[in-house]
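In: Could you look at this predicted model? Sequence included:
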Amino acid sequence: MSGNPVSDFDFAQLRRFPDIEAENLFAHDATDELILREAEQALALAGHGEVAIVGERYGALTLATATVHGLHGLRVQQDGLSGENALAANALRAGLRESYTSMPLSAELFDRVKVVLWQLPRSLDEVAEVAELIAAHANPQVQIIAGGRIKHMTLAMNAVLAQHFSAVTAGRAWRKSRPLLINGPVNDGTAPSFPRREFHADLDLWLCAHGATFGGSKVDVGTRFLLEFLPQMQPQTSFAIDLGAGNGTIAAALAKARPDIHVTATDQSAAAVASTTATAAANGLADRIEVVRDDALGTFADESAELILLNPPFHIGATVHAGIAHKLFIAAARVLAPGGELWCVYNRHLDYRSALDKLVGPTEVVGRNSKFTVSVSRKS
């Protein structure tokens, strides 16, 4: 690894906001710096519009590339909307808002690009989907400089990459991160394999999933428990919100079980939004399920819903943290109309009841098994 080509970039200026901020959560990590150092030569030779950045967090790769190498026309993919908004805010403060374009994970993101900077995900399905798209659409001489935390990298990841590229070389580890240098795309012309789909006979549902979708095309065990209580949920309402839709299991199951209900499924993950859209279509429910990419109900009006369903995440990236759950509880409380219900399922050890009582309204535990709790909170 060469010297420090990013020494002129101040990573400390980056913020996570509007994503969750806390002392143990950071806007960049060593992997960002390692990728940038390994990519120094490739970026020095790249032209404007020839660089794609995949899995960006809060702007470290994008803004350092624009600052150090003077490149613009950067194509940037982020799964989370909060990360996109944080990048925009960081770029605005740095005077670099015009240096990049946010794009979904798609063929257009990689069309003829020559350099890809890639913060590797933990999910092998996500690795596979990204690799498939790069191999099919990037310049044949594309150079991919990827990296991840060593504890999250596996030989299985290398095997997935080897299906799409002729050369995958691991670089020297640095501060618990390791780079992968990848080139030689192998494009056999086969049709895209995502979103993947799976039929669940017990629910009579097809579930579809893009690579970054939590749980893939499976039924989350907590969600399965929550679905047992569908008949008890706000029987008079004709509108419900699936908050944190994932692969669309809850939205599809609710719409299928109650034909009088229109469901708005929302998630900040682009992969989840695409997956839920595909799930709705696969089950013939597209006319009753609207899918919206949104961060914590930010685009929903106050007191506009009578029923919200939520299986909240209990981690942020690889860090266990209750911040997102509390953020979603506050959002639900704002959007619920008086008398409206928030139905939640959560890991039994988390015991969110007191937080729900305080943030939403009187909360009743209606179900509990060895792993999960189901509660209903009523807006007073």
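Out: Received it, and whenever you're ready, just let me know what you need.
In: residue ranges for the strands of the stretch 101-250 of the chain, please.
Out: For the stretch 101-250 of the chain, the strands defined by DSSP state E, counting those that start in this stretch occupy 115-119, 143-149, 165-170, 177-185, 196-200, 205-209, 239-243.
In: residues near residue 152, how many?
Out: 16 (other Cβ atoms under 10 Å). (C-beta placed from N, C-alpha, C; glycine too.)
In: Let me know the distance separating it from residue 22.
Out: Applying Cβ to Cβ, to the nearest Å, the value for residue 152 to residue 22 is 20 Å.
In: What sits closest to residue 274 if chain neighbours are left out?
Out: residue 210 (5.2 Å; Cβ to Cβ, 6 or more residues apart in numbering).
In: quick one, domains of this structure?
Out: 11-185, 196-378 (automatic domain parsing).
In: how about CSV for those, with mean pLDDT added?
Out: Formatted as CSV, the domains of the chain follow (pLDDT from 0 to 100):
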stretch, mean pLDDT
domain 11-185, 96
domain 196-378, 94
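In: rewinding a little: mind putting the strands of the stretch 101-250 of the chain into JSON lines with mean neighbour count and distance to residue 88?
Out: As requested, the strands of the stretch 101-250 of the chain are exported to JSON lines (neighbours: other Cβ atoms under 10 Å; distance: least, Cβ to Cβ, whole Å):
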{"stretch": "strand 115-119", "mean neighbour count": "25", "distance to residue 88": "18"}
{"stretch": "strand 143-149", "mean neighbour count": "25", "distance to residue 88": "24"}
{"stretch": "strand 165-170", "mean neighbour count": "14", "distance to residue 88": "32"}
{"stretch": "strand 177-185", "mean neighbour count": "20", "distance to residue 88": "26"}
{"stretch": "strand 196-200", "mean neighbour count": "15", "distance to residue 88": "31"}
{"stretch": "strand 205-209", "mean neighbour count": "24", "distance to residue 88": "27"}
{"stretch": "strand 239-243", "mean neighbour count": "24", "distance to residue 88": "23"}
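In: Including distance to residue 131, could the ones you listed go into TSV?
Out: Listed next are the strands of the stretch 101-250 of the chain as TSV, based on distance: least, Cβ to Cβ, whole Å:
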stretch	distance to residue 131
strand 115-119	9
strand 143-149	9
strand 165-170	7
strand 177-185	8
strand 196-200	15
strand 205-209	17
strand 239-243	30
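In: nearest to residue 62, of the ones you listed?
Out: strand 115-119 (8.6 Å; Cβ to Cβ).
In: Give the pairing partners of the closest one; include direction for each.
Out: According to DSSP bridges, strand 115-119 forms sheet pairs with strand 51-54 (parallel), strand 143-149 (parallel).
In: nearest to residue 368, of the ones you listed?
Out: When those are compared (using Cβ to Cβ), the closest one is strand 143-149, at 35.1 Å.
In: Could you list the residues in contact with the lengthiest strand in the chain?
Out: Longest strand in the chain, counting residues (DSSP state E): strand 336-347. Contact with strand 336-347 is made by 222-223, 225-226, 229, 233-234, 303-312, 314, 325, 329, 332-333, 352, 356, 360, 371-380, as judged by Cβ atoms under 8 Å, 6 or more residues apart in numbering.
In: Same check on stretch 10-29?
Out: 32-33, 57-60, 63-64, 80, 82-83, 85-86, 89-90, 93-94, 149, 177, 295, 316, 319, 321, 323-324, 327.
In: Can you tell me which of those residues are buried?
Out: Buried subset of those (neighbour count, 16 or more other Cβ atoms under 10 Å): 32-33, 57-60, 63-64, 80, 82-83, 85-86, 89-90, 94, 149, 177, 295, 316, 321, 323-324, 327.
In: still on that earlier bit, dump the residue contacts of the residue nearest to residue 274.
Out: So residue 210 contacts 105, 129, 194, 195, 271, 274, 275, 278 (Cβ under 8 Å, 6+ apart).
In: gap between the fourth one and residue 266?
Out: The one in question is residue 195. 18 Å.
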